[in-house]
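Novice: Provided below are the primary sequence and the corresponding predicted coordinates.
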Amino acid sequence: MKSVLTIYRKELADYFSSKKFLILLALVYLTGLTSIYVSIQNIRAAAQSSTDAFVFLKLFTTAGDVLPSFLYFLSFFIPIIGIVFGFDAINTERSSKNLSRLLSQPIYRDSIINGKFLAGITTMTIIIGSIIMIIAGIGLRVIGVPPSSEEILRILIFIFICVCYGTFWMALSMLFSVIMDKTATSILTAIAIWIFFFFFVQIIANAVANAIAPVNESATLATQIKNFNIDLGIKRISPAYLFTEAITILLVPSGSQLFLKAVTTADISKMILNPLSLGQSLIQVWPQIVVIIALAIICFAISYIVFIKQEIRST
Amino acid sequence: MDNYVISTKNLTKKYGAKTVVDNLNLSIPKGEIYGLLGPNGAGKSTVILMLLGLTEPTSGELSVLGYKPTKDPLRIKRFTGYLPEKVGFYEDMTSVQNLEYTALLNSIPEKDIPGKIDACLTIVGLLKDKNRIVKQFSKGMKQRLGIADVLIKDPELVIFDEPTEGLDIEVANQILESIFNLNRDKKITFVICSHQLNLVQKICHKVGIMSKGKLIGEGNVSELSKNMFGGNKYQIEVEIIGDVNRVVEKIKSIKSIKTVSSTGNAIHIGTDEDLRQDVSKTVTNMDGIILTKMDIKDFSLEDVYLNYFKEV
């Protein structure tokens, strides 16, 4: 345990003094501050058109005419942060010939991967947590509406989900850093997978749904529902989509449950959209959260096993 | 067994069907500088990995400092230093920061670390560079820092994999001198894997020659040459034009000649004295024989090594 702590402390120091950390921090803060500016500009109109009481949460979800909301920015940046903290975790140690020297010290091999993983999670939590807190602080000052206890809880759970999602991407890129010798290959592979999940899955889902159950002017209600279900089913293989679903349901309590099943415009007109309680929101999002955590654990477990079984030579 | 720092009995390592280390029996006593030699792929690095508990033997017994690497790898690594062929450091950290990290991983009390680092850097002559970042170091300096990194844990056993590879002769000699002094002053046991036989010969008490996973020869240089060349101190090489067999028979009659053999036009003469004058006189006095070349050499580790692999 002591060796894990030593490696953890060293990795944290490395992260905090690294250029990649400073660049990521600057990028995330810049986009965060841009999005708070956008939401402050538009929050009055958004609050007036809404019937629910969660005004404070609108700081994170209100988009402008041109710029998207903070949620969108975050769903875009979290995978990048995760990938950046994982893609060179092991292969850099190997290529710099540090790994065989490290392994000749009286430490268990898993201390290295555990220490790096924990340091990565800590750094990500600091980046994500700090920008959310800064936005909340600025929002509190500008809109003058304090968050309710439920809103605070929702924000904390939101941070937790963001960290889990980032951990998944970090574990995935760490896996590539274990199995690939070159850092360029590992980062490119991780980015390719991210692009696939973030952009292409939606296109593929749409194309497949329209091919199986085409929705045109003459499409029946049953066909429309079938199209929606196929589209949703395919999209849900993407962790990026699961994350978007989870944080949207959590931060937009009113009406967000409509994402989860096919409803028609006629149905919506008959509904009275009451906001979900925190408990109800959590019931809706727990499968998404569990899948994201499970994916992170699976990726880390594979990298752990592969790393433990690898033979490390100095040449 | 207790007197041996390293002891292996029928140690075998297989990767699939390929046997990389084949029934290796090795006993290295305390305080010895042992040279483990062999060409690439002989199994030396695999032996090191097994000694450090970084890979498991397929079969056989292995003991390092009295512990089994498969059961107590941490105890072994606590008192065993390993300097790989290509040593790496965190390039953006200073030499002190790198050594601090190693010291912390070895659970050395924090209050003792600065003193230990200074002492180790003094031994390798890098004290004045203690606050320079490693990126600015030459290869030789990095190698010396590697020795300091190994010494920080007060090792009883140090394993060096090609410690002088790629270094100029002056730096290589400095490193060998450091190894020699550490062995003499601190009674540290060293195992050195190297291809640079002339350098190894300078400091090793004993060498083991590995080929295809097997230990094919072991002993000090004179023992090995004795086994290999019948105990002769010199070998006189003669090249002639004419009837080789007749010359061989004639040379055999010279007093103090111990062995005579031939390959093609070359005649190899084993002797304990420099008998070049007698040999040349005998050969030139023979009718129809022309002496074209004569050379003498005393046996070095390189001769032993090359001869082993010629036989293998």
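Specialist: Perfect, thanks for sending it.

Novice: for the stretch 1-150 of chain A, what spans make up the helices?
Specialist: Ranges of helices in the stretch 1-150 of chain A, per DSSP state H, counting those that start in this stretch, are A:2-17, A:19-49, A:58-61, A:70-86, A:91-95, A:98-103, A:109-143, A:149-179.

Novice: Looking at these, spot the one closest to B:L127.
Specialist: helix A:98-103 (21.1 Å; CB to CB). Just so you know, the C-beta spots here come from the backbone N, C-alpha and C atoms, and that holds for glycine as well.

Novice: per-residue confidence averaged over that closest one?
Specialist: Per-residue pLDDT over helix A:98-103 has a mean of 88.

Novice: quick one: that helix near chain B?
Specialist: Yes - judged by CB under 8 Å from any CB of the partner chain, helix A:98-103 and chain B are in contact via A:98-103.

Novice: Centre of the chain to that helix, how far?
Specialist: Centroid displacement of helix A:98-103 relative to its chain, using CA atoms, centre = their mean, to the nearest Å, is 33 Å.

Novice: Let me see the residues that make contact with that helix.
Specialist: Helix A:98-103 is contacted from outside by A:90, A:93, A:109, A:112, A:312-314, B:52, B:54, B:82, B:84, B:87-90, B:102, B:105, B:146, B:149, using CB atoms under 8 Å, 6 or more residues apart in numbering or on different chains.

Novice: can you list the weak-confidence ranges in the chain?
Specialist: In the absence of a named chain, this looks at chain A. Scanning chain A for pLDDT under 70 picks out the ranges A:44, A:46-52, A:255-273, A:314-315.

Novice: To clarify, I was referring to chain B.
Specialist: In the predicted model of chain B, residues B:1-2, B:222, B:225-233, B:298-301, B:303, B:308-312 satisfy pLDDT under 70.

Novice: Can you show me the strands along it?
Specialist: Assigned by DSSP state E, the strands in chain B fall at B:4-15, B:18-29, B:33-37, B:59-64, B:80-83, B:157-161, B:189-193, B:206-211, B:214-219, B:234-241, B:257-263, B:266-271, B:290-298.

Novice: Whether the shortest one contacts chain A - can you check?
Specialist: To tie it back to what came earlier, the one meant is strand B:80-83. Yes - Strand B:80-83 comes into contact with chain A (CB under 8 Å from any CB), by way of B:80-82.

Novice: That strand packs against which elements?
Specialist: helix B:139-151, strand B:157-161 (3 or more CB pairs under 8 Å, 6 or more residues apart in numbering or on different chains; DSSP states H and E).

Novice: The residues of strand B:80-83 next to chain A into JSON lines, with extra columns for neighbour count?
Specialist: Below are those laid out as JSON lines (neighbours: other CB atoms under 10 Å in any protein chain shown):
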{"residue": "B:T80", "neighbour count": "28"}
{"residue": "B:G81", "neighbour count": "25"}
{"residue": "B:Y82", "neighbour count": "27"}
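
Novice: What are the contacting residues of stretch B:51-65?
Specialist: A:103-104, A:311-312, B:1, B:4-14, B:21, B:23-24, B:46, B:49-50, B:68-70, B:72-73, B:75-77, B:79-80, B:82, B:156-157, B:159, B:191.

Novice: CA atoms only for it, dumped as PDB, please.
Specialist: What follows is stretch B:51-65, C-alpha atoms only, in PDB (Å, rounded to 0.1, in the frame of the first residue of the first chain):
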ATOM      1  CA  LEU B  51      16.400 -14.100 -10.200                       C
ATOM      2  CA  LEU B  52      14.400 -11.000  -9.600                       C
ATOM      3  CA  GLY B  53      11.100 -12.800  -9.600                       C
ATOM      4  CA  LEU B  54       9.900 -11.000 -12.700                       C
ATOM      5  CA  THR B  55       9.200 -14.300 -14.500                       C
ATOM      6  CA  GLU B  56       8.500 -17.700 -13.100                       C
ATOM      7  CA  PRO B  57      10.700 -20.700 -13.900                       C
ATOM      8  CA  THR B  58       9.000 -23.600 -15.600                       C
ATOM      9  CA  SER B  59      10.900 -26.100 -13.400                       C
ATOM     10  CA  GLY B  60      13.900 -26.400 -11.100                       C
ATOM     11  CA  GLU B  61      14.900 -24.700  -7.900                       C
ATOM     12  CA  LEU B  62      16.200 -21.100  -7.400                       C
ATOM     13  CA  SER B  63      17.300 -19.300  -4.400                       C
ATOM     14  CA  VAL B  64      18.600 -15.700  -4.100                       C
ATOM     15  CA  LEU B  65      19.900 -14.400  -0.800                       C
END
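
Novice: starting at the chain centroid, how far to that stretch?
Specialist: 20 Å.

Novice: How about stretch B:148-164?
Specialist: 15 Å.

Novice: Could you tell me which residues of the stretch 1-150 of chain A lie near chain B?
Specialist: Near chain B, when you scan the stretch 1-150 of chain A using CB under 8 Å from any CB, you find A:2-3, A:6-7, A:10, A:96-108.

Novice: which of those residues count as buried?
Specialist: Buried members of the residues of the stretch 1-150 of chain A next to chain B, counted by 16 or more other CB atoms under 10 Å in any protein chain shown: A:3, A:6-7, A:10, A:97-107.
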